[in-house]
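> Sharing a model that was predicted from the sequence below.
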Amino acid sequence: MKVELKKEHQCVKIIEELDNLIKESLSLFDDFQTFKISGANVQKTQYYETILLFHLFQKTNFEKVFENTRISFGDVKHGWGTIIINILFQLGESKKDPNFNNFLSVLNDRVSELEKRSIKEFSYYIPSRLNFDKLTKKEIEKLKASIKSALDISIEHPDKVINNQIKNKKFLNLILNRKIILRVNAKGRDSIYTNSVITLKTSALAGAITLAKNLGTFPEKWDIRGDLSLANDPFDDYFIIVENQKIVYPNIDWQSYDYRISNRDISGIKKEIINRGDYQNIIFILNAISKQHNKLKKLSKESLKLYFEAMTEKNLEISFLKFWVLIEKILKQGGKITDKSLIKMIKYIIIKQKHLEPVVDSLYKKRNDLVHEFKTDYISQFDRNLTKVIAESNILLLLNPPIKINNIEEFKILLSNISCSKELLVTKERLVEDILKFRNKTTRS
């Protein structure tokens with residue numbers, strides 16, 4: 001599989017634009033023998049790299065190629081520097097014509113080299129501040145099984161062989177002090193790629209737990225430091241990556257953890273206690289994910305990750321926006337829709353929540369003012385919390401739709417019809433029946 005322009009972008013105007021971008025980027029190098037970039041051009045290369053990455057993500061299958069290759073695009077190196085700078089350097093060094101097609105050719109040659117690397121399995125051990133003491137043994141076992149089934153995450157402490165490789169006393173004490181440690185496995189050609197796989201799984205679990213504990217609540221928070229987040233991360237910042245029973249991260253600079261890990265970190269302060277009510281909600285969420293088809297399951301995991309990020313975001317305006325990103329991510333699965341149609345869908349989904357419908361227009365206007373004019377200081381905690389509840393309604397629609405949904409395509413059909421009038425749905429039903437009859441006749445003839 002090669003990186004190539006998507007069909008809708010294979011036109012003269014776009015290709016000329018990308019060719020000029022490559023020429024301008026190559027002009028920043030002093031020479032291609034020493035990989036030298038000097039003066040103001042050093043900063044300019046960062047600008048051009050960002051622009052090129054934007055076009056690669058928007059106009060090519062770049063992201064999909066690296067996903068299928070199971071390697072991080074940040075690992076495409078030649079000497080020093082970042083992916084774009086190095087591919088540009090190789091293009092300049094090759095003396096090929098400075099155009100986008102040749103840029104992709106050099107990039108694809110590098111991808112082919114990377115595909116020769118063996119795929120490795122990495123195990124991540126992630127300490128948590130979760131506390132299951134309020135649950136019975138039977139409930140704990142059921143919860144562990146549900147986490148494994150939905151997200152392929154195990155609750156498992158590293159063994160003595162691994163612990164003996166930890167070269168820092170504070171780090172080891174933190175591991176030994178935790179009752180709940182996650183073990184998550186991922187396969188890739190480097191651990192940078194697997195980081196993204198692991199992050200999606202663990203953030204989805206954090207999102208499920210956060211949703212279970214905060215569903216339908218309207219919390220307010222006052223903090224002189226400006227931290228207006230609604231939840232804490234239940235997982236520690238410190239983790240271990242293991243390959244074949246050998247720690248590959250962290251593997252150097254163990255001494256730095258003497259300063260990075262405090263006694264408060266080791267004690268696991270701010271424990272996330274899972275009570276009986278939380279337990280029932282978490283089981284419901286995880287069981288719903290377990291039953292979903294692959295693409296629908298991925299959407300659920302991404303949505304829970306977004307919910308977790310919105311709940312733990314300290315900045316009020318950014319938290320407000322992240323909830324809107326979540327709402328639109330789910331609802332736009334049905335295809336491109338106008339602002340008017342989006343608002344109509346939201347109002348239908350929250351129809352049972354009395355008094356919430358009238359505020360949707362106002363919240364959406366504030367969302368637009370913040371995005372397009374960057375109007376700040378007028379988003380209140382009430383705005384954020386009402387948007388939170390709307391986002392939760394959309395997650396519940398995804399996890400527990402009103403009709404049986406087998407896959408992502410059926411979910412898209414649900415979304416495109418959910419806010420239609422009864423009259424329009426009857427008309428659609430008649431038209432679909434007529435189309436099926438017509439197709440049956442055509443097939444027979």
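That came through, no problem.

> Please list all residues in contact with the residue nearest to residue 330 when sequence neighbours are not counted.
Counting by Cβ to Cβ, 6 or more residues apart in numbering, residue 330 lies nearest to residue 394, which is 4.6 Å off, once chain neighbours are set aside. Every C-beta, even on glycine, is put in place using the N, C-alpha and C of the backbone. Going by Cβ atoms under 8 Å, 6 or more residues apart in numbering, residue 394 touches 303, 326-327, 330-331, 346, 349.

> what comes up buried for stretch 337-345?
Buried residues in stretch 337-345, counting neighbours by 16 or more other Cβ atoms under 10 Å, are found at 337, 342-345.

> do the same with stretch 418-437
Buried-residue list, stretch 418-437, by 16+ other Cβ under 10 Å: 418-419.

> what's the distance between the residue positioned nearest the centre of the chain and residue 338?
With distances taken as Cα atoms, centre = their mean, the residue of the chain nearest its centroid is residue 302 (5.0 Å). Note on residue 302: its distance to residue 338, by Cβ to Cβ, to the nearest Å, is 24 Å.

> for residue 318, same thing?
Look at residue 318 and residue 338: by Cβ to Cβ, they are 25 Å apart.

> Is the residue nearest to the centre of the chain located within a helix, as I assumed?
Yes - assignment of residue 302 by DSSP: H, G, I helix; E, B strand; the rest coil places it within a helix.

> about what we covered before: any idea which helix or strand carries the residue nearest to residue 330?
Assigned by DSSP states H and E, residue 394 belongs to helix 381-399.

> and if you look at residue 66?
Per DSSP H and E, residue 66 falls inside helix 62-69.

> in that helix, what's buried?
62, 65-66, 69.

> now stretch 214-225
Within stretch 214-225, the residues scored as buried using 16+ other Cβ under 10 Å are 214-215.

> can you list contacts of it?
For stretch 214-225, using Cβ under 8 Å, 6+ apart, the contacting residues are 227-231, 281, 311, 381-382, 385-386, 388-389, 392.

> Any of these buried? List them.
Buried members of the contacts of stretch 214-225, counted by 16+ other Cβ under 10 Å: 228-231, 281, 311, 381, 385-386, 388-389, 392.

> State the mean pLDDT of stretch 103-122.
Mean per-residue pLDDT for stretch 103-122: 93.

> Any idea how far that stretch is from the middle of the chain?
Chain-centre distance of stretch 103-122: 24 Å, with Cα atoms, centre = their mean, to the nearest Å.

> Over to stretch 102-119?
For stretch 102-119, the separation from the chain centroid amounts to 25 Å (computed by Cα atoms, centre = their mean).

> What lies in contact with it?
With Cβ under 8 Å, 6+ apart as the contact definition, stretch 102-119 has outside contacts at 2-5, 22, 60, 65-66, 69-71, 75-76, 78, 87-88, 90-91, 94, 96, 187-190.

> Same question for stretch 325-333.
299, 302-303, 306-307, 310, 337, 342, 345-346, 387, 390-391, 394-395, 397-398, 408, 411-412, 415.

> Give me the below-cutoff pLDDT ranges for this protein.
Residue ranges of the chain with pLDDT under 70: 74-82, 224, 443-445.

> any idea how the protein splits into domains?
As given by automatic domain parsing, the domain ranges for the chain are 7-114, 120-293, 315-417.

> Columns distance to residue 424 on top of the ones you listed, output as a markdown table?
Listed next are the domains of the chain as a markdown table, based on distance: least, Cβ to Cβ, whole Å:
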| stretch | distance to residue 424 |
| --- | --- |
| domain 7-114 | 30 |
| domain 120-293 | 28 |
| domain 315-417 | 8 |
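
> Select, out of the ones you listed, the one closest to residue 438.
Taking Cβ to Cβ, domain 315-417 is the member of the domains of the chain nearest to residue 438, at 19.9 Å.

> for the closest one, the distance to its chain's centre please.
18 Å.

> Can you point out the buried residues in stretch 19-32?
So, applying 16+ other Cβ under 10 Å, buried residues of stretch 19-32: 19, 21-22, 25-26, 28-29, 32.

> got it, and stretch 357-369?
360, 363-364, 366-367.

> Could you do stretch 95-110 as well?
98-100, 103-108, 110.

> Stretch 2-13 too?
Buried, per 16+ other Cβ under 10 Å, within stretch 2-13: 3-5, 9.
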